[in-house]
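> predicted model and sequence below, questions to follow.
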Amino acid sequence: MTAQIETLSAIPYFGGIGPADLGAIKDSFFEKAMERGGLILAEEESSDVLYFIVSGAVKLFKTSADGKEQIIDIARPGQAINDVPFFDGGPNLFGAQAMGAVVLYGVSKSDLERILQRYPQITQNANRIMARQARRLTALVEDLSFKPVIGRVAKILLEHSEDSPATRPKLTQQEMAAMAGTAREVVGRSLKSLAEEGVIRLERNRLVIRDKKALKEIVAAFS
Amino acid sequence: MADMPVVDYGKCDCCGLCVSVCRCHILVISEGRLTVIHKDKCNQCGRWCTECEDVCPTGAISCPFDVVVE
């Protein structure tokens, strides 16, 4: 199935391109549907197709040599998922996996290069989008490198666990992020990290502190 | 049993991303409103799951959890 003009117009890459011009390029795009868990792209592999998300959410992740997964971003409708390797010719930066049912539009490198030459506006849009992406990734590096969120998260868990069960409210990751002065995603990473170390266990609807002493040591280390 | 997930209707724009990722099929959009059905079926597999909260672009849905000491 080929792309729809209305759908293309909602993709930021094609902002400012009128319906007639979108009509002229839409046949260069093909539609691809994936079910939950479907692997769209593999990290380090080459790809000569650029994908845009039409509907659904895609997890962008890197995997370490020992199998540990680090989610870099969750891509949503309108986003391209592999533009950097597409433009610099290198291998895929991340793996990309469908988090639920996903519909994508794909365009081949040769077709998109023709489109970019014909519509310089799209190149300008791409530059702006990738600049924003670079800024977001820099902020992520800063968070992970310089801000010991894990210490703040550990402290919140300790303090929370010391409240009386009768009065203790339930927590959400968003609330923890607000308390820790960070983003929800960073809290999620911290909780996963604590679980991997065996300090906590993540179960259905609850978080179990397995090693309170270790949690106190983490708080002390980052004080 | 935790009320899970919880929707902030002031932030929800019914984009449907949470519905698309929910493994337990407890989220539906009906008559322009996100509804949580069958709350007791959330995370029936026993896993920790906050995927609806993870994908929501507006922070409208959240998954409260208890914190207990073993």
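Received the coordinates, thanks.

> low-confidence ranges, chain A, go.
Residue ranges of chain A with pLDDT under 70: A:143-144, A:147, A:166-167, A:223.

> near chain B, which residues of it? Just list them.
Chain A comes close to chain B at residues A:36, A:55-57, A:74, A:76-77, A:99-102, A:157, A:160-161, A:165, A:168, A:170-175, A:184-185, A:188, A:201-210, A:212, as judged by Cβ under 8 Å from any Cβ of the partner chain. Just so you know, the C-beta spots here come from the backbone N, C-alpha and C atoms, and that holds for glycine as well.

> give the next helix or strand downstream of the longest helix along chain A.
Ranked by number of residues, the top helix in chain A under DSSP state H is helix A:120-146. Using DSSP states H and E, the helix or strand that follows helix A:120-146 in sequence is helix A:149-161.

> which parts of that next one are buried?
A:149, A:150, A:151, A:152, A:153, A:154, A:155, A:156, A:157, A:158, A:160, A:161 (16 or more other Cβ atoms under 10 Å in any protein chain shown).

> got the phi and psi for residue 66?
Chain wasn't specified; assuming chain A. phi -100, psi 20 (degrees, to the nearest 10).

> switch to chain B, that's the one I care about
Torsion angles, degrees, to the nearest 10, at residue B:66: phi -80, psi 150.

> re earlier: who does the longest helix of chain A touch, helix- and strand-wise?
Judged by 3 or more Cβ pairs under 8 Å, 6 or more residues apart in numbering or on different chains; DSSP states H and E, helix A:120-146 is in contact with strand A:69-75, helix A:83-88, helix A:109-118, helix A:184-196.

> tell me the domain ranges of chain A?
A:5-138, A:147-221 (automatic domain parsing).

> now do the end-to-end distance for the longest one.
Read that as domain A:5-138. End-to-end span of domain A:5-138 (Cα to Cα, to the nearest Å): 34 Å.

> gap between the residue nearest the centre of chain A and chain B?
Taking Cα atoms, centre = their mean, the centroid of chain A lies closest to residue A:73, which sits 1.3 Å from it. According to Cβ to the nearest Cβ, to the nearest Å, residue A:73 stands 11 Å off from chain B.

> contact partners for that residue?
When contacts are counted by Cβ atoms under 8 Å, 6 or more residues apart in numbering or on different chains, residue A:73 touches A:60, A:94, A:136.

> most neighbours among those residues, which one is it?
residue A:94 (24 neighbours; other Cβ atoms under 10 Å in any protein chain shown).

> which residue packs closest to it, ignoring adjacent ones?
residue A:60 (4.2 Å; Cβ to Cβ, 6 or more residues apart in numbering or on different chains).

> and that neighbour, which of the three is it?
strand (DSSP: H, G, I helix; E, B strand; the rest coil).

> ok, back up a step: single out the most deeply packed of the helices and strands packed on helix A:120-146.
With neighbours taken as mean count of other Cβ atoms under 10 Å in any protein chain shown, those reach their highest mean count in helix A:184-196, at a mean of 19.

> where's the residue nearest to residue A:94 relative to residue A:159, distance?
33 Å (Cβ to Cβ, to the nearest Å).

> and for residue A:89?
50 Å.

> again with residue A:28
Taking Cβ to Cβ, one finds residue A:28 at 56 Å from residue A:159.

> how far off centre is the longest helix of chain A?
13 Å (Cα atoms, centre = their mean, to the nearest Å).

> that one to helix A:109-118, inter-axis angle?
Relative orientation of helix A:120-146 versus helix A:109-118 (axes from the mean of the first three to the mean of the last three Cα atoms, to 10 degrees): 110 degrees.

> would you mind listing the buried residues in helix A:120-146?
A:121, A:122, A:125, A:126, A:129, A:140.

> kindly reformat those residues as JSON lines containing distance to residue B:62.
JSON lines is the format used below for the buried residues of helix A:120-146 (distance: Cβ to Cβ, whole Å):
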{"residue": "A:121", "distance to residue B:62": "39"}
{"residue": "A:122", "distance to residue B:62": "37"}
{"residue": "A:125", "distance to residue B:62": "33"}
{"residue": "A:126", "distance to residue B:62": "34"}
{"residue": "A:129", "distance to residue B:62": "29"}
{"residue": "A:140", "distance to residue B:62": "22"}
